[in-house]
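Student: Okay, structure incoming, though there's no sequence with it:
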């Protein structure tokens, strides 16, 4: 599990450095990313190309976009990463400052799936208790 936790941590470091290629390198080729149901783009993004386009859309929309892990909780079925997302709207100048859970499934040191939730309890229920 050490390699899996390291993949989670380092993926955020690479994203926040602006190295999208290194960030994507932490994902398996067939990874999925499910945007939160409250998100205007609540779609399932399958494969690295779709995940890249999803991330690029956020990067284009928000100057200085950062996803800072506030807490990482390991459960039986993955990790809940409570993330603070910040940036400034490029066209509006309106600051973005929100928190969400990103539930990650990791296999053999690669992120296989990410699912966003705004409800912390719901995210924790998905991964189950560690043990």
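Tutor: Everything's here; your move. Bear in mind the structure is a predicted one, so any value in this text is a computation, not a measurement.
Student: middle-most residue in this protein, spatially?
Tutor: Most central in the chain under Cα atoms, centre = their mean is residue 102, positioned 5.1 Å from the mean C-alpha point.
Student: Who are the contact partners of the nearest residue to it once chain neighbours are set aside?
Tutor: Using Cβ to Cβ, 6 or more residues apart in numbering and skipping the chain neighbours, the partner closest in space to residue 102 is residue 81 (4.7 Å). Bear in mind the C-beta positions are built from the backbone N, C-alpha and C, glycine included. Contacts for residue 81 were tallied using Cβ atoms under 8 Å, 6 or more residues apart in numbering; they are 8, 12, 69, 71-73, 101-104.
Student: again, but for residue 113
Tutor: 31-34, 78, 104-105.
Student: Nearest to residue 118 among those?
Tutor: Of all the contacts of residue 113, residue 34 has the smallest distance to residue 118: 12.8 Å, by Cβ to Cβ.
Student: Given the helix or strand containing the residue nearest to residue 102, what are its sheet partners and their directions?
Tutor: For residue 81, the host element (DSSP states H and E) is strand 78-89. Here strand 78-89 is paired, per DSSP bridges, with strand 62-75 (antiparallel), strand 95-107 (antiparallel).
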